[in-house]
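Visitor: Just to be clear, the model below is a prediction. Sequence and coordinates:
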There are 4 protein chains.
Amino acid sequence: MWYRWNVETRRPTNPAAEELLGRYFPVLDHGFVALVDYMGSDDDVERAARVSYGYGTRKTSQTRGLIRYLRRHRHTTPSEMVEFKFHCAMPMFVARQWIRHRTASVNEYSGRYSLLPLLFYRPEREQLKAQSASNRQGRSGAPLDDLHDDAMARWEELRRLAAAQYEWLVAHDVARELARIDLPLSTYTQWYWKIDLHNLLHFLSLRVDPHAQYEIRAFARVMAGMVQRVAPLSFEAWVDYELHGAELSRAEMTVLRRLVRADRGSLIAPGGSVDATTLGMLGLSAREAEELLVKFAEVEQPQDFTLDLASARSAEEFAAEMEAAVPQVDRGAGETPPN
Amino acid sequence: MWYRWNVETRRPTNPAAEELLGRYFPVLDHGFVALVDYMGSDDDVERAARVSYGYGTRKTSQTRGLIRYLRRHRHTTPSEMVEFKFHCAMPMFVARQWIRHRTASVNEYSGRYSLLPLLFYRPEREQLKAQSASNRQGRSGAPLDDLHDDAMARWEELRRLAAAQYEWLVAHDVARELARIDLPLSTYTQWYWKIDLHNLLHFLSLRVDPHAQYEIRAFARVMAGMVQRVAPLSFEAWVDYELHGAELSRAEMTVLRRLVRADRGSLIAPGGSVDATTLGMLGLSAREAEELLVKFAEVEQPQDFTLDLASARSAEEFAAEMEAAVPQVDRGAGETPPN
Amino acid sequence: MWYRWNVETRRPTNPAAEELLGRYFPVLDHGFVALVDYMGSDDDVERAARVSYGYGTRKTSQTRGLIRYLRRHRHTTPSEMVEFKFHCAMPMFVARQWIRHRTASVNEYSGRYSLLPLLFYRPEREQLKAQSASNRQGRSGAPLDDLHDDAMARWEELRRLAAAQYEWLVAHDVARELARIDLPLSTYTQWYWKIDLHNLLHFLSLRVDPHAQYEIRAFARVMAGMVQRVAPLSFEAWVDYELHGAELSRAEMTVLRRLVRADRGSLIAPGGSVDATTLGMLGLSAREAEELLVKFAEVEQPQDFTLDLASARSAEEFAAEMEAAVPQVDRGAGETPPN
Amino acid sequence: MWYRWNVETRRPTNPAAEELLGRYFPVLDHGFVALVDYMGSDDDVERAARVSYGYGTRKTSQTRGLIRYLRRHRHTTPSEMVEFKFHCAMPMFVARQWIRHRTASVNEYSGRYSLLPLLFYRPEREQLKAQSASNRQGRSGAPLDDLHDDAMARWEELRRLAAAQYEWLVAHDVARELARIDLPLSTYTQWYWKIDLHNLLHFLSLRVDPHAQYEIRAFARVMAGMVQRVAPLSFEAWVDYELHGAELSRAEMTVLRRLVRADRGSLIAPGGSVDATTLGMLGLSAREAEELLVKFAEVEQPQDFTLDLASARSAEEFAAEMEAAVPQVDRGAGETPPN
């Protein structure tokens, strides 16, 4: 409905971003992420930065170098000048993590005003894992294959009951704000979410991280793929300086400086080692020592966030699925939106 | 534990606020609000404002007049100088409304890290009402008495099942972040919540309002009672200028100016009336006309937020209730907090 | 340079906003406001609100009614979904007031990095007024005509000296961050400023107000004219419910309810008056009584913010003026922007 | 006046913070920083974090370990639970940099309402330096000793003229908001500034950095010394993980992994080197290569922020200096603050 025709604009546009508009990318079993509007691109990050460098500077365009410089040195304000507006649907337990990012604007589907579609998130077999011993807040290890069928059967029973309870309550005209209180956290909700590039990259740093819950990571990965198209140079700088960079503590740097030194334009390691005892003496706790060693162990490949445009579906398709999942009760004449 | 002994401080203190510290006020069936720390009081609002009025002004103390002036003219920055830190427990559907207020700091109990207490909110009989036709998002009318026993029985069944499912999953060592996804929105959570006076009063304006959901209003009312003690002059000004004031539109003022005029220090109504047709001609929609008439209908008494200190319980009592509701699974040696 | 060609976009566009792009509106003697990008319009406020009203509601478009309803009831989050990006130049004392609005993004010209154009704001003859006795922070009364020539001569002398001092320092290669410290607050600076519609309207409420300093009001008025084009329904609602509405306190409403009552769909004033003594008894301070009477005195015409497109100049014209005002020192080879 | 007597409180207190209250630390020639109130300490960071770890965890107190873990892993929300309120005076060009940090509350002395003290910042001889070639926005090299007397004489002349102009205008009753517009950016202003620990540490990271202007660094250093007393463990973690840590990019880590590897609990450098050509081939720009080498060159000593309590003066002393610098004009009867 929004994207039927192309129209002319004098605003900065961005072909790779234009290509995304109106495509709804599926996430998990009933969720989606769609870019519904954007403002600006890498060029606008540069423009905003250039205003600081003013009339006393040469205007040769070096966008990539400038953007990398800005990110390396945490000059983040120019990247606030680019905006993204998303339409997303996600389970409520994911929404509760997501909403913690306060520097964004959000309008969520109202369960007080409207009947909720009864769609629930169902973890896939390979996602059912045990509590992680190392991470302490996530899951790890092999899928708990033996449990899956049992767990699913129990979940299905619970959801059938929760859906029936919701339908019974709204059919008896109980206020929706009450009828919904026993829907499970796996129920899908949806919202518009608007955020600037700086704050989006911060969100992504936290939410594509392996410590984030798998389910929110799935959403973050799609949004990362969208940033890659809307602001490719900013995205690349984020990958190089944040996502796949490393933060070393003062003690870690002390360790490394024992092994490596700068000498006439080269970095030289004369040969040597620092063992566990010495790591402790240099101030690293056992856990920090472990974290340091991991940084120098075998490296994973950089993550690939490239979007498959062919995987996208239409807004209408998702809307139809949602609408079909709304309980069919006679809703009478009072249903017009307010005015 | 925090409040066992009194100690000396050179900070601004506030006897009425001191009296609140350590008292946990029950809200709904298992929730609470406690003020665990505060910074400043009405005097600090005045101090902050006075810095603007500087050396060229007389320093006669007129705290009340100044604070009322500031609020009347929406000079809100001085009231950002007072801080409140609360410890609260509330159902998750309430937490989801609450967290929308972004200008606050929050640390919430983590269902990824920790086992959740299985406490669920149970609406009281008189709260089970039908969807409101006028409000369109809330409830209204007489309690649906006939439904209550039935609804409760269904809720209890659902909760028993949800609790059993959670216990079964964590007993089988399924990651907590997954085990919790089918807990109902009525499950209690808890958090620390820190906010400044200006933003707290804005929160209260929205959340003690009759359009807010009853359950979050119950929390807001207790916090309002706390503000009344910590910053009584600011509270009084908020009641007089916001809570029980009225915002009149340009068209509404046009209507009133037809009926009332200023004349040599008096306000005079020569006598007259404006009927429905004229209200429409002056630009009010049917709904606005109705809203205007309500403003001049019989007035409710001002709300009373006075706290009953005797109703408070101890932190330990609530902690014991919460802890007893955590499923008893063998949690092994991995349970120390991170370091 | 940005706006030479029209290109196609699938984003929501807005003809009246498109017309503004690239037009630099002069403000004061050397300042300007230009809209350089925007995202969304009234339709997007509606879309964001509709997501809350969901699948259970009729989709008949009633944009105006909905937008007025939202503003009347302070449902402000949907209007965060529209963004404005401005390029502005203003005297530093204006910039210092402007920057107090924290919910915006800004990139300012850097006096540490770049040489500053030596352009200073020169108040016009009719703006030179005495300290206001009633407002206490602004100016009022007739222009101080006798003083103007003298004041200007003194200002010119000071600015010549300040400019000479700046040029002398940078010519001697003193760091720019130091060379600038004795430039007067009337020196022009410039920035990009991005803000959403909700926060922009809040800014405008404060900054088109007669209590705001004349010079920042001049900027706010132009931005108001831009909002009128980009989001006309939101603008109209803001005028009707905020700008030309009135906030009445609890005591003021008590006064009015003595004079006016609602009766079967009409508002009726049986005839009567409230004199100064009674106003005091009903809780109004002398100053509040005065403020109430003003609300019912003769009404000013609604402010007109309509932009004259013909008054706009080009970006290049302003850039040339700025650049010509930068001191001519040999700036050597170090002047490339960072990379 | 605030700090005359000690009173009792049940709030968390902090002896090292208490000792700071009421002490005004001089900064530059007429500026100061004073801690006027605080809320919380390291213990409150821990308490806030513990709420997440909940009932399923052992409560052994390991504050230091936990705080270091939180900072290392950028779990910053618990440190939002500690607040600082400062009273500061600084030159306006410093205030303009400072105010860019938006997540703080501020009340500034009003030049519209009040007469300004005519105190100007005078750089010391060793601070007058040339524009830096490497930094491009700061100063570097030896002091420009030959210029100092000349520069100062010029500055003094300008300030005398600016002060005379201001006095002449206010003596002729010109509105203060206009009279001040030609005061230089070196004029002192003052404000209350309230910020939480998380945002304060972010401010300090940017403002004690050698790239920040010397003058704002002087203020940041004093505030760092205050944090060291109010929240010593958080301060230590900030020093170790941020201030004296290093952020290495993906390419830099690739370089280091060529020289260093993890092996059975040790870090081992078998011996080798990476020269300038290889650094380029591995993706480092010339500037990045330079920055990497600097990280492994000889290390400066960690910065020492320890406060000298003996250097503090009283609030009254500074107030007297400020007040004495306010122009003496007959200010008549209108000078009471608003009410």
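Guide: Sure thing, it's come through. Residues are numbered from 1 along each chain as shown, chains lettered A, B, ... in the order given.
Visitor: any idea which residue sits dead centre in chain A?
Guide: Centroid-nearest residue in chain A, with Cα atoms, centre = their mean: A:Ala220, separated by 2.1 Å.
Visitor: What separation do you get for that one and C:Ala17?
Guide: A:Ala220 sits 32 Å away from C:Ala17, going by Cβ to Cβ, to the nearest Å. For every residue, glycine as well, the C-beta is placed using N, CA and C.
Visitor: try A:Val294
Guide: Going from A:Val294 to C:Ala17 by Cβ to Cβ gives 51 Å.
Visitor: and what of A:Leu243?
Guide: 36 Å.
Visitor: before we move on, the earlier item: so between A:Val294 and C:Ala17, which is more surrounded?
Guide: C:Ala17 (24 against 11; other Cβ atoms under 10 Å in any protein chain shown).
Visitor: Helices of the stretch 201-339 of chain A, residue ranges please.
Guide: Assigned by DSSP state H, counting those that start in this stretch, the stretch 201-339 of chain A shows helices spanning A:214-230, A:232-238, A:250-259, A:276-281, A:286-295, A:315-324.
Visitor: how about TSV for those helices, with mean pLDDT added?
Guide: What follows is the helices of the stretch 201-339 of chain A, written out as TSV (pLDDT from 0 to 100):
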stretch	mean pLDDT
helix A:214-230	98
helix A:232-238	97
helix A:250-259	96
helix A:276-281	96
helix A:286-295	94
helix A:315-324	94
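Visitor: Can you list the low-confidence ranges for the stretch 101-250 of chain A?
Guide: For the stretch 101-250 of chain A, no stretch has pLDDT under 70.
Visitor: again, only this time at 80
Guide: Flagging of the stretch 101-250 of chain A using pLDDT under 80 yields the residue ranges A:134-136.
Visitor: and it, which of its residues are near chain D?
Guide: A:206, A:211, A:239-241, A:243-250 (Cβ under 8 Å from any Cβ of the partner chain).
Visitor: Filter those residues down to the buried ones.
Guide: A:206, A:239-241, A:243-250 (16 or more other Cβ atoms under 10 Å in any protein chain shown).
Visitor: From those, which land in strands?
Guide: The members of those that map onto strands under DSSP state E are A:246-248.
Visitor: And those, which is closest to C:Leu259?
Guide: A:Glu247 (67.6 Å; Cβ to Cβ).
Visitor: any idea how far C:Arg23 is from the closest one?
Guide: Distance from A:Glu247 to C:Arg23, by Cβ to Cβ: 46 Å.
Visitor: likewise A:Pro15?
Guide: Distance of A:Pro15 to C:Arg23, given as Cβ to Cβ: 26 Å.
Visitor: More neighbours: which of those two?
Guide: For A:Pro15 versus C:Arg23, the count of surrounding residues by other Cβ under 10 Å is larger for C:Arg23: 20 against 11.
Visitor: ok, the closest residue to the more buried one other than its chain neighbours - contacts?
Guide: Once flanking residues are discounted, C:Arg23 sits nearest to C:Ala312: 3.5 Å by Cβ to Cβ, 6 or more residues apart in numbering or on different chains. If a contact means Cβ atoms under 8 Å, 6 or more residues apart in numbering or on different chains, then C:Ala312 has C:23-26 as its contacts.
Visitor: Give me the pLDDT value at A:Ala333.
Guide: Looking at A:Ala333, its pLDDT reads 39.
Visitor: Now the element after the longest helix along chain A, going C-ward?
Guide: For chain A, the helix that runs over the most residues, judged by DSSP state H, is helix A:145-171. Counting by DSSP states H and E, the element after helix A:145-171 in chain order, helix or strand, is helix A:176-179.
Visitor: check whether that next one contacts chain C.
Guide: No - contact of helix A:176-179 with chain C (Cβ under 8 Å from any Cβ) is absent, the minimum separation being 8.7 Å.
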